[in-house]
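[1] Just a sequence and a predicted model for now, questions to come.
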Amino acid sequence: MSALTTPERPNETAMTAGDMDIEKESSSSASEKQEPSQTDFVVSFTGDDDPRNPKSMSTVRKWLIVIIVSATSLCVACTSSLYVGAYGQLEKEFDSSEVVVTLGLSLFVVGLGLSPMLLAPLSEFYGRKPVYVVSLFFFVVWIIPCAVARNMATMIVSRFIDGFAGAAFLSVAGGTVGDLFPKHKLAAPMMLYTLSPFLGPQLGPLIGDFINYYTHWRWTFYVLLIWAAAQWAAIFFLVPETYNPVLLRREAERKRKETGDDRWYAPIEKMDRSIAETLLRSCYRPFMLLTLEPMCLALCIYCSVLLGVLYLFFGAFGLVFRINHGFKLWQVGLTFLGITIGMICGTLTTPWFNKNYRRLLKKHEDDGNLKGSSEPEFRLPPAIAGSPLAVIGLLWFGWTTYSSVHWIVPIVGSAFFGMGVIMIFSGVFTFLVDAYPLYAASALAANSFARSMFAAAFPLFGNTMYRKLGFQWASFLLAMITLALAPFPYIFYRWGKELRKRSRYAGAR
């Protein structure tokens with residue numbers, strides 16, 4: 001854009017000096033008014049209907065992307081536990097102890113917990129798709145050493161790197177779902193994505209035990225290699241970039257090239273923080289939240305124990321159902337259907353709790369609070385309802401693990417545990433996001449790190465504990481630990497606002 005000039009006037013020489021001064025001032029003023037400001041060159045979307053905005057995609061295409069991303073998350077999560085079915089063959093072939101073989105599971109989960117602190121910030125600079133493509137490529141590549149391993153050292157190291165590479169879909173992919181749908185349509189696609197990382201570990205033993213019962217353990221990884229490669233191809237060819245700041249940067253680059261005007265820019269290009277600074281903050285802030293925020297620490301420990309128990313069951317179920325009921329390896333895998341069905345049922349309660357949230361919100365407004373305002377504690381009812389279900393499920397499972405009791409009974413108990421777990425996670429995750437709005441990513445990263453460390457540790461002692469204490473008392477011990485932590489969601493629902501007033505990272509609204 002150029003400034004407007006004053007047209008020539010035929011009688012301009014007859015103007016007085018004063019008239020000329022007035023004319024110059026008027027021209028200068030008009031020029032200043034027409035001179036574009038820097039904000040006139042900011043590239044932005046005109047709304048959700050803007051063709052450049054991912055939210056304007058067709059419903060079919062958006063759901064296709066959600067399904068691909070969710071299936072990839074399912075693949076990564078399933079890889080963690082599908083390995084469990086190979087324990088028996090690996091112990092014999094490599095002459096390794098049960099604990100050493102279990103390290104292949106534990107270190108994979110450690111990689112899952114560490115990676116989001118690095119991959120999630122990188123997506124803020126480069127976009128979601130580059131992170132997906134590169135990380136999933138290395139995920140596929142590092143399955144190969146697992147498939148051809150000649151010793152346990154190769155297996156353990158490869159599994160750790162594989163978990164580290166695959167974690168992008170457990171930390172970044174939720175953002176893709178949010179990029180595609182407006183808030184009022186987000187519940188259903190987010191429900192599908194949220195369920196996939198939790199169903200994956202339960203489906204792993206079901207698939208892996210079938211493979212390892214009928215063929216060699218290496219086919220465990222050949223199947224994973226085929227599945228993961230197919231997911232990589234789907235991501236590469238069918239999933240576009242959806243991160244708005246990166247899309248706007250591309251649009252600004254296009255405008256600068258087409259117009260030759262370097263004043264066009266996207267907001268992301270004006271960021272005053274570097275990649276190194278962002279990575280550093282992403283690495284230390286989750287630990288500050290765990291150290292300085294009692295609410296965050298308590299809820300993270302609660303979630304961590306629950307996930308630890310889930311991973312402990314990968315070994316414990318094999319002991320219980322083989323010894324008590326004479327199950328074969330492929331039958332042991334089927335026993336995880338109880339937890340799987342329980343998690344699906346727990347997820348289906350989401351619409352009811354969403355209605356409950358809206359009722360709490362309306363009551364909050366009726367009490368004289370600002371319309372549209374909310375309290376993070378309104379997000380906790382699913383966790384409050386799920387807590388007793390998790391305890392009941394563990395007690396049910398534990399005290400029915402006798403050979404004289406039909407095998408379906410403890411499996412039904414495990415379904416209640418699975419239902420409670422998914423409800424607790426749902427409530428805690430949304431609470432952390434609302435309670436720490438400026439540090440939501442760090443709060444979730446803290447939760448992910450803590451959960452992964454517990455999930456890595458519990459399988460290392462789980463089988464020994466079940467053998468030493470007995471199936472009933474070992475399950476009872478886990479139930480009592482869960483019972484001790486169960487009141488936390490209610491405590492924070494009742495007194496969370498007062499606690500947030502004294503927080504340096506959260507605050508009462």
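    Looks like it came in fine. Computed from a predicted structure; not experimentally measured. Numbers count the residues shown, from 1 in each chain.
[2] helices and strands around the longest helix anywhere in the chain, which ones?
    Identified as the longest helix of the chain according to DSSP state H is helix 294-325. With contacts defined as 3 or more C-beta pairs under 8 Å, 6 or more residues apart in numbering; DSSP states H and E, helix 294-325 has these neighbours: helix 98-114, helix 187-214, helix 275-292, helix 329-334, helix 408-435, helix 440-469, helix 471-485, helix 488-501. Using the backbone N, CA and C atoms, a C-beta is placed for each residue, glycine as well.
[3] Output the contacting helices and strands for the first one.
    Pointing back at helix 98-114 there. Against helix 98-114 (3+ C-beta pairs under 8 Å, 6+ apart) you get helix 59-82, helix 87-94, helix 152-166, helix 294-325, helix 440-469.
[4] Mind listing what's buried along it?
    Buried residues in helix 98-114, defined by neighbour count with 16 or more other C-beta atoms under 10 Å: 100-114.
[5] Alpha carbons of that helix, as PDB, please.
    As requested, the backbone C-alpha atoms of helix 98-114 are provided in PDB (Å, rounded to 0.1, in the frame of the first residue of the first chain):
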ATOM      1  CA  GLU A  98      11.900 -62.800  34.600                       C
ATOM      2  CA  VAL A  99      13.000 -59.400  35.900                       C
ATOM      3  CA  VAL A 100      15.500 -58.800  33.000                       C
ATOM      4  CA  VAL A 101      12.900 -59.700  30.400                       C
ATOM      5  CA  THR A 102      10.400 -57.400  32.100                       C
ATOM      6  CA  LEU A 103      12.800 -54.500  31.700                       C
ATOM      7  CA  GLY A 104      11.800 -54.500  28.000                       C
ATOM      8  CA  LEU A 105       8.300 -53.500  29.100                       C
ATOM      9  CA  SER A 106       9.400 -51.100  31.800                       C
ATOM     10  CA  LEU A 107      12.000 -49.100  29.800                       C
ATOM     11  CA  PHE A 108       9.500 -48.800  26.900                       C
ATOM     12  CA  VAL A 109       7.100 -47.100  29.300                       C
ATOM     13  CA  VAL A 110      10.000 -44.900  30.700                       C
ATOM     14  CA  GLY A 111      10.600 -43.700  27.100                       C
ATOM     15  CA  LEU A 112       6.900 -42.900  26.800                       C
ATOM     16  CA  GLY A 113       7.100 -40.800  29.900                       C
ATOM     17  CA  LEU A 114      10.200 -38.800  29.000                       C
END
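[6] which one among the buried residues of helix 98-114 gets closest to residue 160?
    Relative to residue 160, the closest of the buried residues of helix 98-114 is residue 107; by C-beta to C-beta it sits at 4.0 Å.
[7] Which residue, other than its chain neighbours, is closest to that closest one?
    Closest residue to residue 107 apart from its sequence neighbours, by C-beta to C-beta, 6 or more residues apart in numbering: residue 160 at 4.0 Å.
[8] Can you report how many residues neighbour that neighbour?
    Neighbours of residue 160 under the rule other C-beta atoms under 10 Å: 21.
[9] Pull the contacting residues for it.
    By C-beta atoms under 8 Å, 6 or more residues apart in numbering, the residues touching residue 160 are 107, 108, 110, 111.
[10] And the last one, how close does it get to residue 157?
    To tie it back to what came earlier, the one meant is residue 111. Noted for residue 111: a distance of 11 Å to residue 157, by C-beta to C-beta, to the nearest Å.
[11] cool, and the second one?
    When distances are taken as C-beta to C-beta, residue 108 and residue 157 turn out to be 11 Å apart.
[12] who does the one helix or strand residue 360 maps to touch, helix- and strand-wise?
    Taking DSSP states H and E as the criterion, residue 360 maps to helix 350-366. Other helices and strands packing on helix 350-366, by 3+ C-beta pairs under 8 Å, 6+ apart, are helix 187-214, helix 381-398, helix 408-435.
[13] Give me the below-cutoff pLDDT ranges for the chain.
    By pLDDT under 70, the low-scoring segments of the chain are 1-40, 372, 507-509.
[14] Walk me through the domains of the protein.
    43-272, 273-509 (automatic domain parsing).
[15] what about the spatially closest residue to residue 361 that is not a sequence neighbour, which SS state?
    In space, and not counting its chain neighbours, residue 361 is closest to residue 374: 5.7 Å by C-beta to C-beta, 6+ apart. Secondary structure state of residue 374, per DSSP: H, G, I helix; E, B strand; the rest coil, is coil.
[16] Tally up the residues packed near residue 374, please.
    Residue 374 has 16 nearby residues by other C-beta under 10 Å.
[17] Can you report how many residues lie near residue 338?
    Residues near residue 338, counting by other C-beta under 10 Å, number 23.
[18] what's whichever strand or helix holds it packed up against?
    Residue 338 is part of helix 337-347 when elements are defined by DSSP H and E. Secondary-structure packing of helix 337-347 (3+ C-beta pairs under 8 Å, 6+ apart): helix 187-214, helix 408-435.
[19] Please render these as CSV that adds distance to residue 288 and mean neighbour count to the earlier fields.
    Formatted as CSV, those follow (distance: least, C-beta to C-beta, whole Å; neighbours: other C-beta atoms under 10 Å):
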stretch, distance to residue 288, mean neighbour count
helix 187-214, 25, 21
helix 408-435, 14, 24
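[20] I am finished for the moment; much appreciated.
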